[in-house]
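[1] Generate a structure from the sequence data that follows.
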Amino acid sequence: MVATGSVSTKNPASISELLGRGGHPGSLLSDFDYWDYVVPEPNLNEVIFEETTCQNLVKMLENCLSKSKQTKLGCSKVLVPDKLTQRIAQDVLRLSSTEPCGLRGCVLHVNLEIENVCKKLDRIVCDSSVVPTFELTLVFKQENCSWPSLRDFFFSRGRFSSGLRRTLILSSGFRLVKKKLYSLIGTTVIEEC
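    You can find the predicted model right below:
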């Protein structure tokens with residue numbers, strides 16, 4: 001199908017002019033309806049900006065985990081599943097896309113759930129020059145496997161205890177809770193992934 005600029009509106013005069021030249025009324029109207037619903041191509045600058053923002057958010061999350069491993073978690077290593085921080089960053093961007101200030105109005109609370117207890121790791125303010133319009137609470141989950149605790153038990157009693165400390169393994173699952181700060185209703189969205 002080729003789009004031309006000869007008829008710019010759906011007014012009856014323009015349609016009857018084309019019908020007088022031999023066009024079929026059914027196909028003409030369906031062509032007009034088709035062009036009403038064509039989605040514009042994505043703006044390349046927006047796609048690049050979103051990818052850059054996503055990567056910056058991934059770095060913030062990884063830095064948060066890195067800082068917390070020794071100060072708040074008391075471990076030497078945190079093992080993160082492949083693409084976990086990428087998935088979280090994409091979900092954070094998706095949840096912030098409907099907000100008035102977007103990601104700039106977000107305060108992100110980062111927590112870790114260990115044996116049904118939530119431990120606060122960090123509070124990330126995405127843009128301190130903007131009044132927050134919503135909060136996201138991210139809850140990482142610990143992997144449920146007994147091997148790290150058995151390994152820590154054996155190594156803590158032997159000659160390896162001086163140099164080896166606990167290794168924390170994160171699960172691929174996480175919880176993201178959104179709370180709107182400007183809404184009278186106080187809408188909360190909970191997503192389990």
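[2] Sheet-wise, list the partners of the longest strand along the chain with their directions.
    Longest among the strand segments of the chain by residue count, using DSSP state E, is strand 167-180. Counting by DSSP bridges, the strands paired with strand 167-180 are strand 77-79 (parallel), strand 134-142 (antiparallel), strand 188-192 (antiparallel).
[3] Format those as JSON lines; extra columns: distance to residue 178 and mean pLDDT.
    All C-beta spots, glycine's among them, are computed from the backbone N, C-alpha and C. Converted to JSON lines, the strands paired with strand 167-180 look like this (distance: least, C-beta to C-beta, whole Å; pLDDT from 0 to 100):
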{"stretch": "strand 77-79", "distance to residue 178": "25", "mean pLDDT": "91"}
{"stretch": "strand 134-142", "distance to residue 178": "5", "mean pLDDT": "94"}
{"stretch": "strand 188-192", "distance to residue 178": "4", "mean pLDDT": "66"}
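[4] Would you tell me which one of these is buried the most?
    strand 134-142 (a mean of 20; mean count of other C-beta atoms under 10 Å).
[5] Are we agreed that residue 130 is in a helix?
    No. Counting by DSSP: H, G, I helix; E, B strand; the rest coil, one finds residue 130 to be coil, located in no helix.
[6] How many neighbouring residues does the nearest residue to residue 144 once chain neighbours are set aside have?
    Sequence neighbours aside, residue 171 is the residue nearest to residue 144 in space, at 7.1 Å (criterion: C-beta to C-beta, 6 or more residues apart in numbering). Residue 171: 15 surrounding residues under other C-beta atoms under 10 Å.
[7] ok, now residue 177?
    17.
[8] do you know how far residue 133 is from residue 176?
    Relative to residue 176, residue 133 is positioned 17 Å away (criterion: C-beta to C-beta, to the nearest Å).
[9] Also residue 62?
    Residue 62 is 17 Å from residue 176, by C-beta to C-beta.
[10] ditto for residue 75
    24 Å.
[11] who touches residue 114 in this structure?
    residue 142 (C-beta atoms under 8 Å, 6 or more residues apart in numbering).
[12] ok, what's across the strand from it?
    residue 117.
[13] do the same with residue 175
    residue 139, residue 192.
[14] so it makes contact with residue 138?
    Yes. In this structure, residue 175 is within contact of residue 138 by C-beta atoms under 8 Å, at 7.5 Å.
[15] ok, for residue 105, nearest residue in space, not its chain neighbours?
    residue 133 (3.6 Å).
[16] Please list all residues in contact with the one you found.
    99-101, 105-106, 180-182 are the contacts of residue 133 under C-beta under 8 Å, 6+ apart.
[17] Please apply the same query to residue 59.
    Taking C-beta under 8 Å, 6+ apart, one finds nothing in contact with residue 59.
[18] sorry, back to before: need the pLDDT of the residue nearest to residue 105.
    Residue 133 is assigned 92 on the pLDDT scale.
[19] now do residue 193
    For residue 193, the pLDDT comes out at 66.
[20] Repeat that for residue 128.
    With respect to pLDDT, residue 128 has a value of 92.
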